[in-house]
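[1] Can you look at this prediction? I've put the sequence above it.
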Amino acid sequence: MTRVFIAIDLPAEIKERIAETQKVLARSCARLTFVAPRNMHITLKFIGEVEDEMLEAIRSALQGVSADPFEIAIRGVGANNLRRPRVVWSNLEDAGKTGGLHDAIEEALAPLGIEREERAYTPHITIARVRQFDPSLLGAIEQVMAKEFGSFRADRYTLKKSTLTKQGPRYEDLMEVVW
Ligand code: 2AM
């Protein structure tokens, strides 16, 4: 079995800027797990554990799913719940294009029996996960809330393998779809 998901990668300079913001969040008294810069990404679709045969079917189905290249601006820091966050993330400005790609991927994978997400899709870049909340985290988020991390032209996505280890997840690229 292989644990897989589909994501858009980020330019190195954007990941570096997000890492600077992690330092500000680290000064709060909350217990946080930070996403390593090399692992930062925009998830398009989390699939989970699949057999080899299914993995091949996913590869074939994705061949036909693309978009026209589009601009993504990474701007602002928010959270899944601003009063008591569990996940701290950065938001995207992309005129809904990432959401459109997510829908197209779900459409292509549904015939394989891969379920659509019930929750509405909110494209984001996870920056930190909250292990233990402390109110000082809210002030720390406020300090970085308006940060701009830069923009880039999205023209590909990647099918990734995720291996969970004690040191955190390790991601490997299995396939890249370039538009
Ligand atoms: P997150 O960053 O919002 O937590 C790889 O695990 C990626 O898939 C993560 O970025 C994670 O999103 C996303 N994902 C979505 N649903 C998931 C699930 N049920 N389990 C693990 N990761 C999930």
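    Here it is on my side, so go on.
[2] Name the SS class of residue 85, please.
    The three-state label for residue 85, taken from DSSP: H, G, I helix; E, B strand; the rest coil, comes out as coil.
[3] Check which residues of stretch 28-45 are buried.
    Under the neighbour-count criterion of 16 or more other Cβ atoms under 10 Å, stretch 28-45 has 28, 30, 32, 34, 35, 39, 40, 41, 42, 43, 44, 45 buried. (C-beta placed from N, C-alpha, C; glycine too.)
[4] ok, which pair from the residues you listed is furthest apart?
    In the buried residues of stretch 28-45, the most distant members under the criterion Cβ to Cβ are 28 and 45, with 31.4 Å between them.
[5] re earlier: between the buried residues of stretch 28-45, which is closest to the ligand?
    Nearest to the ligand among the buried residues of stretch 28-45, counting by Cβ to the nearest ligand atom, is residue 43 at 4.1 Å.
[6] State the distance from residue 91 to the ligand.
    Taking Cβ to the nearest ligand atom, to the nearest Å as the measure, residue 91 and the ligand are separated by 12 Å.
[7] Can you lay out the buried residues of stretch 28-45 as TSV showing secondary structure?
    Supplementary listing: those in TSV, determined by three-state DSSP:
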residue	secondary structure
28	coil
30	coil
32	strand
34	strand
35	coil
39	helix
40	coil
41	strand
42	strand
43	strand
44	strand
45	strand
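[8] Go back to these and keep what's next to the ligand.
    The overlap between the buried residues of stretch 28-45 and the neighbourhood of the ligand (criterion: Cβ under 6 Å from any ligand atom) consists of residue 43.
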